[in-house]
Each structure stands twice: as C-alpha cells, then as structure tokens.
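Asker: Need a 3D model of the following:
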Amino acid sequence: MVNKWDLVGPGRSDGKPPADRNIFEQQVRDTLKFLSYAPVIFISATTGKNTNKLFELLKQVAAERRKRISTSEMNRFLETVDFERASVPHRQKVRVYYMTQAQVSPPTFILFTDKDVKLHFSYERFLQNQIRKAFGFAGTPIWIKNRPRRKVELPQKSARRR
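Answerer: Here you go, the predicted model:
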C-alpha cells in the first residue's frame with residue numbers, strides 16, 4: 001500500500017509535476033523484489049481515495065491465502081512443468097516424484113524427491129512462479145519444503161537355505 005499519493009500524484013498542489021504512478025510502482029517493485037507476488041495499491045488516508053479498494057484487495061488476498069489445491073491437481077500440474085528450465089547446481093538437482101499441499105495460510109507445499117537436499121533458492125523460486133502461474137495465490141507467500149521419498153525396505157532373507 002502506498003499512502004499519501006494525494007501529495008505527489010495527480011492531485012498534487014505544490015506546483016510540482018505529479019509523480020507517474022507506473023514509474024513509482026516499478027521503483028517499488030525494484031526495491032522490494034522479494035515481494036513480487038504482492039499487489040500494489042495507491043491510497044490517500046486523508047482523502048479516503050482508494051481505501052474502499054484496499055479492503056476489497058485484502059479480502060481477495062485472504063481468500064488466496066486459504067486456497068487449497070488437491071494432490072491430484074498438483075500432480076497433473078507437475079506433469080506440465082519443464083524442470084529442465086530451472087537452473088540449479090548439479091548436486092542440488094532433484095527428481096520430483098509428487099507434490100502435495102500440506103497446509104494453508106500460508107500455502108505450504110511438500111515436494112517429494114529422490115534426495116534429501118535443501119532446494120536451491122532459484123529452484124524454489126522457479127516452482128513458486130510456476131505454481132502462481134497455474135493457481136494464482138496472489139498476495140501471499142508460498143512455502144515449499146523438500147522431503148525425500150522413503151524407500152520401503154524389505155526384510156532380508158536368510159543367507160542360509162535348507
């Protein structure tokens with residue numbers, strides 16, 4: 001939320017040219033890159049301009065935060081993801097078996113893979129962006145946790161047979 005827009009935007013009364021909303025929003029996005037998923041709204045608390053839109057936006061973000069994706073939907077989604085596009089150091093490359101949503105608020109996904117490694121930040125960001133592209137989740141962070149798939153160990157047969 002960008003407050004006091006009435007002082008620098010189109011309603012500016014100090015004789016200086018008004019600030020360009022698009023340029024200012026790009027500056028905000030460049031500065032707060034880690035919040036690229038968050039919507040930006042320009043308001044004026046003094047005049048009340050866009051405050052009604054703020055509460056509507058808050059409702060939308062709250063709904064996105066509580067969104068649940070079924071495991072079957074998530075696995076269909078995984079089939080469409082081109083994991084070769086994700087640039088990851090070789091030792092941190094993982095084979096993805098399936099993914100499930102473990103909780104909401106914030107949306108947390110468990111990625112079942114072949115290795116017990118911490119996911120590279122670029123790989124995690126790649127997956128977050130792919131999830132957002134497919135399912136939305138506007139305005140809320142997405143957490144991804146890696147869990148190696150447990151191998152089922154069969155009981156060992158006796159080495160000696162009769």
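
Asker: where along this structure do the helices fall?
Answerer: 5-8, 21-31, 51-65, 71-80, 121-135 (DSSP state H).

Asker: in the lowest-mean-pLDDT helix or strand in the chain, what's buried?
Answerer: When each helix and strand of the chain is scored by mean pLDDT, DSSP states H and E, helix 5-8 comes last, with a mean of 86. Across helix 5-8, burial judged by 16 or more other CB atoms under 10 Å covers 5-6, 8. Quick note: C-beta positions are derived from backbone N, CA and C, even for glycine.

Asker: Which of those residues sits closest to Gly139?
Answerer: Closest to Gly139 out of these is Trp5 (19.3 Å), distances taken as CB to CB.

Asker: Can you give the contact residues for the top strand by length along the chain?
Answerer: For the chain, the longest strand by residue count, based on DSSP state E, is strand 96-103. Applying CB atoms under 8 Å, 6 or more residues apart in numbering, the set of residues contacting strand 96-103 from outside is 68-71, 74-75, 77-78, 83, 107-114, 145, 149.

Asker: Mind giving me the PyMOL select for those residues, buried ones only?
Answerer: Applying 16+ other CB under 10 Å to those, the buried members can be selected in PyMOL as follows:
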select buried, resi 69+74+77+78+107+109+110+111+112+113
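
Asker: Number of residues surrounding the residue lying closest to Ser122 once chain neighbours are set aside?
Answerer: Counting by CB to CB, 6 or more residues apart in numbering, the nearest residue to Ser122 once its immediate chain neighbours are dropped is Ser87, at 5.9 Å. When neighbours are defined as other CB atoms under 10 Å, Ser87 has 9 of them.

Asker: And Ser87, how close does it get to Lys93?
Answerer: Separation of Ser87 from Lys93 (CB to CB, to the nearest Å): 10 Å.

Asker: How about Leu119?
Answerer: Going from Leu119 to Lys93 by CB to CB gives 10 Å.

Asker: do the same with Asn22
Answerer: 39 Å.

Asker: Look at these two and report which has more neighbours.
Answerer: Higher neighbour count among Asn22 and Lys93: Lys93, with 15 against 8, using other CB under 10 Å.

Asker: can you tell me which residues contact the residue nearest to Trp143 when sequence neighbours are not counted?
Answerer: Ranked by CB to CB, 6+ apart and with sequence neighbours excluded, the top spatial neighbour of Trp143 is Thr108, at 4.3 Å. Listed by CB under 8 Å, 6+ apart, the contact partners of Thr108 are 101-102, 142-145.
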